[in-house]
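Colleague: Make a model of this:
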Amino acid sequence: MVGLLREQIDVTQVQIQAGVAAYSAVLTLENELATLEASLPALEQKRVQAEDLLATLSGAFPADWHAPNLSLRDVSLPATLPVTVPSDLVRRRPDILQAEAALHVASANIGVATANLFPSVTLSASGGYDNTSMGALLHRKGQVWSVAADVTAPLFHGGTLWFQRESASDAYAQARATYREIVLGAFAQVADSLRALENDAHALEAQSRALHSAAEALRLVRADYEAGTVGYLPILIADGQFHQAQIAYLQGIAQRMQDTVALYAALGGGWDTEP
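Modeller: Numbers count the residues shown, from 1 in each chain. Alright, predicted model coming up:
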């Protein structure tokens, strides 16, 4: 786009010298050129950040790793993208599995705290006689039985055991709320990804039509130029419009790929139900 604008400026300056164009046309083109050139550093920064991220994901330092030459033609989408997915697929997500395990632990802690409320006591019984006369030994009233309690844990802790159970109950309520929040967030991500893929398909279809129209317009203008019916400047303008349509089309493809990856992540590994 920068090269095309520079060429347009050169052609327009020649037209100004010939007296067939106004100087304001050059100023307009120079403004567009400066705007495009100002966007180049940001694009370069995004490219560098993408390479650094790929290096990190590859387990290497950015200075020791360089991205391979890739094209969007080398990356293909799945043959079919789902419109709906079963909810069981979301349960495979690591964050849901972790929250579910934490909920089980919190529930078990309530049972442990409840069991601790019952005192641990060892009961023992001993028997004997409280009368030493031979006649009284044969009578029941002369026998004595005692039951003693060997307490291995104190019965009362000033309410400590009860409060420990309440703490375990509160921890379970928190784990349950966290689990619910994570599940709802996961379902929202899946719904957003599915809707994004649907919108991407419509947008990409429109961008494909725009690209085809721009390419056809450029072909016709070139044919008119070869026939001598138009000048060279309309070719540059039509070529610029074609490049803009091509950039929009490539951005649509990239966005659809990103949303496809987002759906994979939201489902915890894709929508394939086979093990």
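Colleague: ok, residues contacting stretch 25-39?
Modeller: 1-2, 5-6, 8-9, 12-13, 15-16 (CB atoms under 8 Å, 6 or more residues apart in numbering). (Each C-beta comes from the backbone N, C-alpha and C, glycine too.)
Colleague: so which of those residues would you say is closest to Leu81?
Modeller: Nearest to Leu81, judged by CB to CB, of the contacts of stretch 25-39 is Met1 at 31.7 Å.
Colleague: Just list the residues touching the closest one, thanks.
Modeller: Counting by CB under 8 Å, 6+ apart, Met1 has contacts 36, 240, 243-244, 247.
Colleague: Recalculate using a threshold of 6 Å.
Modeller: Contacts for Met1 were tallied using CB atoms under 6 Å, 6 or more residues apart in numbering; they are 36, 243.
Colleague: do Val20 as well
Modeller: Contacts of Val20 (CB under 6 Å, 6+ apart): none.
Colleague: Sketch out the low-pLDDT regions of the stretch 51-200 of the chain for me.
Modeller: Within the stretch 51-200 of the chain, the stretches with pLDDT under 70 are 118-158.
Colleague: Could you find the closest non-adjacent residue to Val85?
Modeller: In space, and not counting its chain neighbours, Val85 is closest to Trp271: 5.0 Å by CB to CB, 6 or more residues apart in numbering.
Colleague: domain ranges for the chain?
Modeller: Listed domain ranges for the chain are 1-69, 89-118+156-275, 120-153 (source: automatic domain parsing).
Colleague: which element is Ala245 on?
Modeller: Per DSSP states H and E, Ala245 falls inside helix 233-266.
Colleague: same for that helix, what does it pack against?
Modeller: helix 2-17, helix 160-227 (3 or more CB pairs under 6 Å, 6 or more residues apart in numbering; DSSP states H and E).
Colleague: how about the contacts of stretch 25-39 in TSV, adding distance to Arg73 and pLDDT?
Modeller: Shown next, in TSV, are these (distance: CB to CB, whole Å; pLDDT from 0 to 100):
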residue	distance to Arg73	pLDDT
Met1	21	92
Val2	24	93
Leu5	27	93
Arg6	28	94
Gln8	30	92
Ile9	33	93
Thr12	36	92
Gln13	38	92
Gln15	39	90
Ile16	42	91
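Colleague: Does Leu70 fall in a helix, a strand, or a coil region?
Modeller: Look at Leu70: counting by DSSP: H, G, I helix; E, B strand; the rest coil, its state is coil.
Colleague: Same question for the one 3 residues further on.
Modeller: Following three-state DSSP, we place Arg73 in the helix state.
Colleague: quick one: the residue nearest to Val85 and Pro86 touch, right?
Modeller: No. Look at Trp271 against Pro86 with CB atoms under 6 Å: they stay out of range, at 8.5 Å.
Colleague: And those two? Which one has more around it.
Modeller: Trp271 (18 against 11; other CB atoms under 10 Å).
Colleague: Next, the contact list for Tyr225, please.
Modeller: Ile235.
Colleague: repeat that for 8 Å
Modeller: 231-232, 234-235.
Colleague: between those residues, which is closest to Asp95?
Modeller: When these are compared against Asp95 (criterion: CB to CB), the nearest one is Ile235, at 54.9 Å.
Colleague: That closest one is in contact with Leu220, isn't it?
Modeller: No. Assessed by CB atoms under 8 Å, Ile235 is found out of contact with Leu220, at 10.5 Å.
Colleague: Name the residue in these two with the higher neighbour count.
Modeller: Higher neighbour count among Ile235 and Leu220: Ile235, with 20 against 12, using other CB under 10 Å.
Colleague: Return the residues in contact with the more buried one.
Modeller: Residues near Ile235 by CB under 8 Å, 6+ apart: 218, 221-222, 225.
Colleague: Of the residues you listed, which qualify as buried by neighbour count?
Modeller: 218, 221, 225 (16 or more other CB atoms under 10 Å).
Colleague: so can I have a markdown table of these showing pLDDT?
Modeller: Output for the buried ones among the contacts of Ile235, formatted as a markdown table (pLDDT from 0 to 100):
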| residue | pLDDT |
| --- | --- |
| Leu218 | 95 |
| Val221 | 95 |
| Tyr225 | 93 |
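Colleague: Which pLDDT value goes with Gln251?
Modeller: If you check Gln251, the pLDDT there is 93.
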